[in-house]
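1. All I have is the shape, not the residue letters:
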């Protein structure tokens, strides 16, 4: 065998071994999708409906500990996810009606509060948003 063929075979083996070692590392977690439950509420509600949910949550959790707030949010999410399509449509219609009943100044105030909340959350979580 010529030196060139030996060098070519050794290079091929080294490349294949390096590729196998690379793929043997654990894969990174896949990006969240709506199918795995993350972001589901974002696709289910309009921005205005989410702001009304935000207001309701802020009012309901005032004075609660972090654990209590976490439990409240979890219970609310489970309640919404368990609703039938008809019940969810009624719930969304109520949120829309309540948003429309607010004055433009009240709507702007809620938007500002939600923006401040998001900015604080993103600053504390490294921008991931959780």
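-> Yep, it's here. Quick caveat: nothing in here was measured; it's all calculated off a predicted structure.
2. And the helices in this protein?
-> Here the chain has its helices, by DSSP state H, at 3-24, 40-44, 47-60, 66-82, 85-101, 104-124.
3. Kindly reformat those as CSV containing mean pLDDT and mean neighbour count.
-> For the C-beta atoms, the positions are set from N, CA and C on the backbone; glycine is no exception. Putting those into CSV (pLDDT from 0 to 100; neighbours: other CB atoms under 10 Å) gives the following:
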stretch, mean pLDDT, mean neighbour count
helix 3-24, 61, 9
helix 40-44, 74, 13
helix 47-60, 92, 15
helix 66-82, 93, 12
helix 85-101, 95, 13
helix 104-124, 89, 12
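4. Tell me how far residue 51 lies from residue 63.
-> 21 Å (CB to CB, to the nearest Å).
5. And residue 104, by the same measure?
-> The value you get for residue 104 to residue 63, if CB to CB is used, is 30 Å.
6. again, but for residue 76
-> Between residue 76 and residue 63 the computed distance is 17 Å (CB to CB).
7. With residue 119 instead?
-> 23 Å.
8. cool, residue 43 as well?
-> Plainly put, residue 43 is 31 Å away from residue 63 if you go by CB to CB.
9. Same check on residue 116?
-> For residue 116, the distance to residue 63 equals 20 Å [CB to CB].
10. go on, residue 71?
-> 14 Å.
11. and residue 58, what is it in contact with?
-> Neighbouring residues of residue 58 by CB atoms under 8 Å, 6 or more residues apart in numbering: residue 113.
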